[in-house]
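Chemist: Coordinates only, no sequence provided:
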């Protein structure tokens, strides 16, 4: 090959191959959120990241770690869905988002799991933590599990994510937790995908608005604290491909929903670009047409 032919070949490599690599890395996408990360759960490929190691308060995404411990106990036979949990005055008094349990009542563990996962009940979290040995012991178990899962930049102070000094995580750590949670307890999605949950005479809607707007999305958890903003860890499956997106620190829930939907759509596009034969990868998430405003 002559020098001229070599230069021509290198130019073609630059024009056609390098832009594909940059597109796959998602380098043209920028979110308003404080941090974000996107993974192809099938092979562990990181499709997009934006300040993924920025420390931030976890808010109610904390409940995914609490639920990990509960599902682990269920899987190992140390607990059962029909176990009755006694509601203490401490649990009943818990502020923030609530399932509205009443002190003195005995409630099946399954209902409390739904209260934690679907309506983000802080009171349900406290009741469950007390049931598994007390709040302090349960939080210790949470931090031990976080270290075991490789969440090296996280520290938890309570089981529900209410503001607490020193309670911190990162988008990357939340991704590590979520991937292992879904791998080990895929059955949990039957609850996380519930759009509504009724306890007593109170019906509440899941704060994950993507469940209403996008048929591919079947989980996982939202969160909010004033100091950090609006968070979400969302998972969607299209054909044989499952993605996990973590978006943290959005200014409001509408931006959170819009940007997470956009991130997932970009992720499926990138996977299709790399693996054109992916089944149904060309389909669009419902509600992604121009002019759509999430509610």
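Modeler: Cool, got the structure. Because the structure is predicted, anything quoted here is derived from the model rather than measured. Residues are numbered from 1 along each chain as shown.
Chemist: Any figure for the gap between residue 52 and residue 46?
Modeler: Applying CB to CB, to the nearest Å, one obtains 8 Å for the distance of residue 52 from residue 46. C-beta coordinates here come from the backbone N, C-alpha and C atoms, glycine included.
Chemist: could you list every residue that touches residue 250?
Modeler: 32, 33, 34, 229, 230, 231, 232, 256, 259 (CB atoms under 8 Å, 6 or more residues apart in numbering).
Chemist: Look up the residues forming beta bridges with it.
Modeler: Using DSSP bridges, the bridge partners assigned to residue 250 are residue 230.
Chemist: how close does it sit to residue 42?
Modeler: Using CB to CB, one obtains 27 Å as the distance from residue 250 to residue 42.
Chemist: For stretch 109-123, what does the pLDDT average out to?
Modeler: Average pLDDT, stretch 109-123: 98.
Chemist: ok now that stretch, how far from the chain's centre?
Modeler: The chain centroid and the centroid of stretch 109-123 are separated by 16 Å under CA atoms, centre = their mean, to the nearest Å.
Chemist: Okay, buried residues for it please.
Modeler: By neighbour count, with 16 or more other CB atoms under 10 Å as the criterion, the buried positions of stretch 109-123 are 109, 111-123.
Chemist: partner residues bridging the closest residue to residue 60 other than its chain neighbours?
Modeler: Excluding the flanking residues, the one nearest residue 60 by CB to CB, 6 or more residues apart in numbering is residue 223, at 3.6 Å. The partner list for residue 223 in beta bridges (DSSP bridges) reads residue 231.
Chemist: Let me know the secondary structure of residue 32.
Modeler: Residue 32 carries the three-state label coil when classified by DSSP: H, G, I helix; E, B strand; the rest coil.
Chemist: Just list the residues touching it, thanks.
Modeler: Listed by CB under 8 Å, 6+ apart, the contact set of residue 32 reads 250, 251, 255, 259.
Chemist: And the second one, how close does it get to residue 112?
Modeler: Taking CB to CB as the measure, residue 251 and residue 112 are separated by 32 Å.
Chemist: Then residue 37?
Modeler: Counting by CB to CB, the gap from residue 37 to residue 112 is 30 Å.
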